[in-house]
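[1] 3D model of this:
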Amino acid sequence: MKHELGSEETNLRILGRVLWEMGKPELAEKYFIRFLKQLSPNDPLRADLYQELGKLASNAGDYDKSVQWHQKSLELKGPNALIDMFNDNERSNSIESMKTVVNFASTQ
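    Model (predicted):
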């Protein structure tokens, strides 16, 4: 795993991603949230974790929860975040994540 990740340091975010890829989204969510609790309120990683939690919720079909997580991410990332998030979703070809972006945009 260390070779694959290219780093000696393994954190809860990486563990969450691995669990997500292994098909264990509920466990991945727990590790992402646990990692959030360890970060300072102004840590830039918080926005990325909120976005990942939003994607997890979207993949699970919980669009309301997904929108909440994505809104938290957008609040931290700033005004161009919605465009960046849409571009990320196109690259990953994730239809579910795109639904979240559309749902978020329609609530604004």
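
[2] neighbours of the spatially closest residue to residue 69 that is not a sequence neighbour, how many?
    Leaving aside its chain neighbours, residue 69 sits nearest to residue 54 (3.5 Å; criterion: CB to CB, 6 or more residues apart in numbering). Any C-beta I mention is one placed from the backbone N, CA and C, and that applies to glycine too. Counted with other CB atoms under 10 Å, the burial measure for residue 54 works out to 27 neighbours.

[3] just checking, which helix or strand of this structure averages the lowest pLDDT?
    One helix or strand of the chain scores below all others by mean pLDDT, DSSP states H and E: helix 2-5, with a mean of 46.

[4] helix/strand/coil for the residue nearest to residue 69?
    Taken by DSSP: H, G, I helix; E, B strand; the rest coil, the conformation at residue 54 corresponds to helix.

[5] ok, back up a step: give the next helix or strand downstream of the least confident helix or strand of the chain.
    Later in the chain than helix 2-5, the nearest helix or strand by DSSP states H and E is helix 12-21.

[6] and that next one, what's buried?
    Of all the residues in helix 12-21, those buried under the rule 16 or more other CB atoms under 10 Å are 12, 13, 14, 15, 16, 18, 19, 20.

[7] residues touching the second one, list them.
    Spelled out, it's residue 13. Neighbouring residues of residue 13 by CB atoms under 8 Å, 6 or more residues apart in numbering: 31, 32, 35, 45, 48, 49, 52.

[8] and these as CSV, adding secondary structure and distance to residue 67?
    As requested, the contacts of residue 13 are exported to CSV (DSSP: H, G, I helix; E, B strand; the rest coil; distance: CB to CB, whole Å):
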residue, secondary structure, distance to residue 67
31, helix, 22
32, helix, 17
35, helix, 21
45, helix, 21
48, helix, 17
49, helix, 16
52, helix, 15
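
[9] and those, which are buried?
    Buried subset of those (neighbour count, 16+ other CB under 10 Å): 31, 32, 35, 49, 52.
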